[in-house]
Structure formats: structure tokens, C-alpha cells
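*Asks:* Sharing a model prediction with you, sequence too.
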Amino acid sequence: MLKEKALAYYLDQGHHCAESIFMAASDVYGLGFDEGDRSLLMGFSGGMGVEGTCGLMAGSVAVLGKMFAEALGEDFRPAIAAFHRRFSYLFGDCTECSGIKPRYNKPDTRCAEAVGMVCDLLEAYIEELNDKLPKKETPVYEAVPAAEIKRVKGLGFLHNKNVPGLFQGRVITRNGKVTARELAKVAKAAERFGTGEVTFTSRLTMEVQGVPYDKIEDFRAYLAEEGLETGGTGAKVRPVVSCKGTTCQYGLIDTFGLSEKIHERFYKGYETVKLPHKFKIAVGGCPNNCVKPDLDDLGIIGQRVPKIDLDKCRGCKKCMIEAACPIKNCHVENGKIVWDAEGCNHCGRCVGKCPFGVFGEEMTGYKVYVGGRWGKRFARAMTINKIFTSEEEVLNMVEKAILYFKENGQAGERFSDTIQRIGFDVVEKELISDDILARKEEILAK
Ligand code: SF4
Ligand code: SF4
Ligand code: SF4
């Protein structure tokens with residue numbers, strides 16, 4: 001992280017070596033330097049103009065001073081001496097610009113390689129010094145009024161029952177998948193604003209522990225630098241959960257792609273739409289149900305439906321289909337394969353396994369479940385009686401279900417209760433037709 005930032009200053013903004021490492025460390029560790037402070041370091045670049053002590057050394061020492069001089073007291077100078085030795089070792093017993101520059105300077109990138117090396121050294125050293133610092137006593141936080149606790153809950157901050165004034169900040173992951181940069185940002189945010197601990201929720205979001213009330217906005221702004229946001233609470237569409245079906249060997253659909261579309265269109269798109277209760281969505285790549293889509297308000301499961309041509313069956317001694325079906329839904333009887341259409345979960349593992357072509361593929365698609373829930377009360381979702389064959393159809397079904405819940409759900413009831421009260425057949429009929437979509441604006445305006 002420090003390296004990327006420093007190289008951005010060095011290569012993209014034309015800062016010199018000492019200023020680049022200084023400004024980058026300020027960004028990463030929250031040292032509060034601004035562009036004006038940069039002038040403090042300007043004279044050190046290029047070994048103070050005479051190829052003396054390397055500017056990267058000067059910039060690093062300035063950063064270490066800001067971060068540790070006070071905290072380490074008498075131990076600070078030995079700490080700087082130790083850094084000096086490491087720096088020297090890194091460059092083959094050299095700390096002078098005159099010795100480093102000829103080896104690392106390149107026409108297009110100047111001393112970028114050396115900048116990166118020193119950033120790695122400094123980052124690791126800062127971590128080491130941080131570990132040596134005496135642990136701070138737990139500060140006392142002021143209690144927060146109930147109305148504020150409620151307001152920040154809407155932003156994704158849950159009040160810590162043990163420490164008034166501290167919150168768990170819920171970071172949205174879109175669908176449980178984050179980049180290494182995003183993960184690093186959350187880790188840094190946890191160190192900078194929280195206790196340094198992050199918990200993972202059962203719905204694949206992350207919660208940074210111990211964010212003080214007065215740091216909530218700073219925390220959000222810091223995460224936003226990497227495009228991350230907090231939220232995921234309240235009576236509305238919740239962050240979507242997805243399994244790894246896109247890459248999993250059993251995955252039948254692109255779960256990451258579909259869940260990202262759901263995130264954009266319904267988590268973000270319906271962010272301001274108040275519903276009778278929370279509305280949870282999960283996308284699973286196959287009937288293995290790793291993310292339990294049938295326990296969500298709306299679940300989607302990848303399907304591969306076999307097409308069976310019984311006439312081709314030769315009643316083999318060792319049937320490849322019997323061996324392939326994980327739920328033992330097929331067996332050979334009187335010289336022919338017997339397939340239980342009702343019991344088949346459309347996992348598709350049998351497709352193409354018969355050497356005589358008995359089990360081909362009818363279609364690949366999506367099954368949609370509605371009305372599941374898990375928690376204080378449990379309900380297994382019911383299946384819409386149709387295999388959907390396009391993502392767009394599935395996305396429309398999600399939208400219809402949300403609109404239906406908004407229009408017909410009573411305040412405080414989950415979608416499962418709404419379906420039970422009205423009757424699944426009635427709800428299913430409405431969801432299969434497109435009438436409700438035609439009334440979208442009218443429903444959202446209510
Ligand atoms: S549900 Fe299926 S596709 Fe998704 S992770 Fe589990 S086994 Fe893989
Ligand atoms: S389904 Fe295929 S492998 Fe199984 S018994 Fe029939 S022909 Fe043989
Ligand atoms: S689709 Fe899956 S459950 Fe159905 S018969 Fe084939 S292997 Fe068995």
C-alpha cells in the first residue's frame with residue numbers, strides 16, 4: 001500500500017524521492033501532512049543536491065520521527081540507528097545517493113525501484129515498532145443518544161453493547177468477493193479507526209470492531225477512497241450473498257456476475273426503498289446449496305436439466321449414471337435406467353456421462369425460490385415453477401418479488417409471512433406475470 005502510494009507521487013505527480021515517501025506515509029498512516037508540508041522534505045531529494053544521504057532515508061526518518069519519537073522517547077534514537085543499518089544493508093552497505101542512484105536510476109522511471117524497496121522496508125519496520133509500543137489503555141467514550149444510535153445503524157454501524165460509544169462498522173463486500181486492495185484497506189481502517197479486529201458476518205460482509213462514534217464519518221471517507229461503503233442494515237434490500245459458482249467445479253451459472261448485477265440494481269438501486277422488513281437475496285451455483293439460497297427471502301440456484309432418451313439405454317452391468325448421480329436418483333431395473341423426475345435436483349452431473357447418450361442436456365438455467373428465512377423463525381423457500389434461462393428474466397423476477405413485497409407486505413412481516421398470508425399460488429401467479437413491473441413507479445411512489 002505504501003509502495004503504491006509513494007510510486008503514484010513519484011511517477012505520476014513528479015514528486016522527488018524524499019517527498020514521495022513522506023506524503024505516501026502521511027496518507028497511509030494518517031499523519032496529517034499536506035502538500036505545504038512537502039516543502040519540508042524537498043531539500044533532501046537527490047542527496048540534498050550533492051548526492052549525499054539518500055532522500056529516501058531522509059523521508060523515512062522524518063516519517064519515523066512523526067510516528068515514534070514521542071512514544072519511544074529515549075529508545076527513538078537507537079530505533080533510527082537500527083533503521084539506518086537496515087537501509088544500508090538493503091543497498092549493499094550504502095546510504096548515499098551517489099552510490100544508489102547509479103545502480104537504480106533508469107531513464108523512464110528514475111529511482112522508482114529504490115523507492116519501492118524502501119517503502120517495503122519502512123512499512124515492515126513501522127509494523128515492528130508498533131508491536132513494541134506499550135498497549136494503550138482503553139479510552140472512555142461518551143455515551144451516544146438513542147436517536148443517533150438509530151441513525152448510524154442505518155449507515156451500517158451497530159452499537160457495541162459492552163462499550164457505549166463504540167460501534168461495529170459493517171463494510172459491504174458486494175457479494176462476498178473483495179480485491180486484495182479492498183481487503184488491505186479494510187485491515188488498515190481497522191487498525192486506524194477500530195480495535196484492529198475484523199469479523200465476518202454470515203452474509204459475507206465484514207465488521208470492523210470498535211469504531212468510536214466521532215470517527216464514523218472519517219472511517220467512511222477512508223473506506224470510500226477504495227470504493228468501499230458501509231451499510232447492510234434496515235428494512236430494505238440487504239447485501240446479496242453469492243457462492244463461488246463462477247469458479248467452483250460444480251457451478252452451473254456465473255454467480256459472481258449475476259450477484260454483482262443484483263448488487264447494483266437492487267442493493268444500490270433500491271437503497272432508499274423502504275420495505276416491510278429486510279429482504280435477503282442469495283445466489284448459489286448448483287443444488288449443493290453452499291450459501292443456502294432456499295433460506296433467503298429470494299434465492300437463485302443454478303440448474304442443469306438432463307434430457308433423457310430411454311430408448312437408447314442398454315441396461316449396462318455398471319451404469320455410469322448410477323455412479324454419477326450424487327443423490328442416487330437413478331438405478332437400473334429390468335434392463336433399463338429408471339430416473340425419478342420429481343426427485344432430480346437438476347445438478348447436471350449425469351449429463352454426458354452415459355456412453356450411449358441416454359443422458360443429454362435439456363437446458364441450463366436458474367431456479368428461483370421465494371419466502372425463505374433463517375433465524376428466530378425458520379421457513380424453507382418455495383420454488384417458482386419454472387426454469388429461467390436468461391439472467392435478465394431472473395433479474396426481473398427479483399424486481400417483481402421486491403415490488404410485490406413492498407406493495408403487499410405488512411409492516412414488520414418477512415416475505416415468508418406475506419406469502420403464507422396471501423397463499424403461494426396467488427403470489428407465484430403474480431410473480432410470473434409482468435403486471436407488477438408495469439406498475440413499478442406507482443408502487444415505489446407509495
Ligand atoms: S453451491 Fe455449488 S457451485 Fe456454489 S460453491 Fe457450492 S458446490 Fe460450488
Ligand atoms: S443409462 Fe447409459 S450407462 Fe446407464 S445403463 Fe443405460 S446405457 Fe448404460
Ligand atoms: S441431474 Fe443430478 S440429481 Fe438429477 S439425475 Fe442427474 S445427477 Fe441425479
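*Replies:* Right, received. Where do you want to start? Numbers count the residues shown, from 1 in each chain. Ligands and ions are numbered 1, 2, ... in the order given.
*Asks:* switch to C-alpha atoms for all contacts and neighbour counts from now on
*Replies:* Fine.
*Asks:* contacting residues around the residue lying closest to Y250 once chain neighbours are set aside?
*Replies:* If you skip the residues right next to it in sequence, Y250 has C286 as its closest partner in space, 6.5 Å away by Cα to Cα, 6 or more residues apart in numbering. By Cα atoms under 8 Å, 6 or more residues apart in numbering, the contact set of C286 is G245, Y250, G251, L252, I253, I301, G302, Q303, C347.
*Asks:* same thing with G32?
*Replies:* S26.
*Asks:* quick one: secondary structure of it?
*Replies:* Of the three states, G32 takes coil under DSSP: H, G, I helix; E, B strand; the rest coil.
*Asks:* what is the rounded mean pLDDT of stretch 425-442?
*Replies:* Mean pLDDT, stretch 425-442: 96.
*Asks:* Correct me if wrong: G46 contacts M57.
*Replies:* No. Using Cα atoms under 8 Å, G46 is not in contact with M57, being 11.0 Å away.
*Asks:* neighbour count winner among those two?
*Replies:* M57 (25 against 21; other Cα atoms under 10 Å).
*Asks:* Alpha carbons only: can I get the host helix or strand of the more buried one in PDB?
*Replies:* Assigned by DSSP states H and E, M57 belongs to helix 55-72. Only the C-alpha atoms of helix 55-72 are listed here, as PDB (Å, rounded to 0.1, in the frame of the first residue of the first chain):
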ATOM      1  CA  GLY A  55      16.500  11.300   0.100                       C
ATOM      2  CA  LEU A  56      14.600   8.100   0.800                       C
ATOM      3  CA  MET A  57      16.500   7.700   4.000                       C
ATOM      4  CA  ALA A  58      15.600  11.300   5.000                       C
ATOM      5  CA  GLY A  59      12.000  10.900   4.100                       C
ATOM      6  CA  SER A  60      11.800   7.600   6.100                       C
ATOM      7  CA  VAL A  61      13.400   9.200   9.200                       C
ATOM      8  CA  ALA A  62      11.000  12.100   9.100                       C
ATOM      9  CA  VAL A  63       8.100   9.600   9.000                       C
ATOM     10  CA  LEU A  64       9.500   7.600  11.800                       C
ATOM     11  CA  GLY A  65      10.000  10.700  13.900                       C
ATOM     12  CA  LYS A  66       6.500  11.800  13.400                       C
ATOM     13  CA  MET A  67       5.200   8.300  14.300                       C
ATOM     14  CA  PHE A  68       7.500   7.200  17.100                       C
ATOM     15  CA  ALA A  69       9.700  10.000  18.500                       C
ATOM     16  CA  GLU A  70       7.300  10.800  21.300                       C
ATOM     17  CA  ALA A  71       6.100   7.300  22.000                       C
ATOM     18  CA  LEU A  72       9.600   5.700  22.100                       C
END
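*Asks:* can you pull the buried residues of whichever helix or strand comes after it?
*Replies:* Next in sequence after helix 55-72, counting helices and strands by DSSP H and E, comes helix 76-90. Buried residues in helix 76-90, defined by neighbour count with 16 or more other Cα atoms under 10 Å: F76, A79, I80, F83, H84, R86, F87.
*Asks:* can you put those in a markdown table and add pLDDT and distance to K367?
*Replies:* Formatted as a markdown table, the buried residues of helix 76-90 follow (pLDDT from 0 to 100; distance: Cα to Cα, whole Å):
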| residue | pLDDT | distance to K367 |
| --- | --- | --- |
| F76 | 96 | 63 |
| A79 | 97 | 62 |
| I80 | 97 | 63 |
| F83 | 97 | 60 |
| H84 | 98 | 63 |
| R86 | 97 | 60 |
| F87 | 97 | 60 |
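*Asks:* related to what we said a few turns ago, now for the helix holding M57, which elements pack on it?
*Replies:* helix 17-29, helix 45-46, helix 76-90, helix 112-132 (3 or more Cα pairs under 8 Å, 6 or more residues apart in numbering; DSSP states H and E).
*Asks:* what would those helices look like in a markdown table with distance to ligand 1?
*Replies:* Output for these, formatted as a markdown table (distance: least, Cα to the nearest ligand atom, whole Å):
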| stretch | distance to ligand 1 |
| --- | --- |
| helix 17-29 | 35 |
| helix 45-46 | 52 |
| helix 76-90 | 45 |
| helix 112-132 | 36 |
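*Asks:* Which among the ones you listed is found nearest to K280?
*Replies:* helix 17-29 (35.2 Å; Cα to Cα).
*Asks:* Next, the buried residues of the closest one.
*Replies:* 17-29.
*Asks:* Give me the distance between the helix holding M57 and the centre of its chain.
*Replies:* Mean C-alpha position of helix 55-72 versus that of the full chain (Cα atoms, centre = their mean, to the nearest Å) differs by 34 Å.
*Asks:* Equivalent analysis for stretch 389-402, please.
*Replies:* 23 Å.
*Asks:* picking up where we left off before, which single one of the contacts of C286 is nearest to L2?
*Replies:* G245 (34.1 Å).
*Asks:* before we move on, the earlier item: what angle sits between the helix holding M57 and helix 17-29?
*Replies:* Helix 55-72 runs at 40 degrees relative to helix 17-29, counting by axes from the mean of the first three to the mean of the last three Cα atoms, to 10 degrees.
*Asks:* Hey, what's the angle from helix 55-72 to helix 76-90? Just curious.
*Replies:* Using the same axes, to 10 degrees, helix 55-72 lies at 150 degrees relative to helix 76-90.
*Asks:* Run through who's touching helix 55-72.
*Replies:* By Cα under 8 Å, 6+ apart, helix 55-72 touches 17-22, 25-26, 31, 41, 44-48, 76, 80, 84, 87, 95, 97, 115, 118, 122, 126, 129, 133.
*Asks:* For it, buried residues please.
*Replies:* Counting neighbours by 16+ other Cα under 10 Å, the buried set in helix 55-72 is 55-65, 67-69, 72.
*Asks:* same thing with stretch 159-179?
*Replies:* Within stretch 159-179, the residues scored as buried using 16+ other Cα under 10 Å are 159, 164-177.
*Asks:* Show me the shaky parts of the chain.
*Replies:* The chain contains residues with pLDDT under 70 at 136, 138.
*Asks:* Please parse it into its domains.
*Replies:* Domains of the chain are assigned by automatic domain parsing as 2-132, 146-224, 241-309+348-445.
*Asks:* The second one: end-to-end distance?
*Replies:* Chord length of domain 146-224, first to last residue, is 27 Å (Cα to Cα, to the nearest Å).
*Asks:* wait, what's in contact with I149?
*Replies:* With Cα under 8 Å, 6+ apart, I149 has these contacts: L158, H159.
*Asks:* what does G196 give?
*Replies:* A187, A190, V208, Q209.
*Asks:* please redo it, this time with the cut-off set to 10 Å
*Replies:* V186, A187, K188, A189, A190, V208, Q209, G210, V211 (Cα atoms under 10 Å, 6 or more residues apart in numbering).
*Asks:* same deal with H16?
*Replies:* So H16 contacts 6, 9-10, 38, 41-46, 55-56, 110-111, 115 (Cα under 10 Å, 6+ apart).
*Asks:* I'd like to know which of the helices and strands packed on helix 55-72 is closest to ligand 2.
*Replies:* When the helices and strands packed on helix 55-72 are compared by Cα to the nearest ligand atom, helix 112-132 sits nearest ligand 2, at 59.0 Å.
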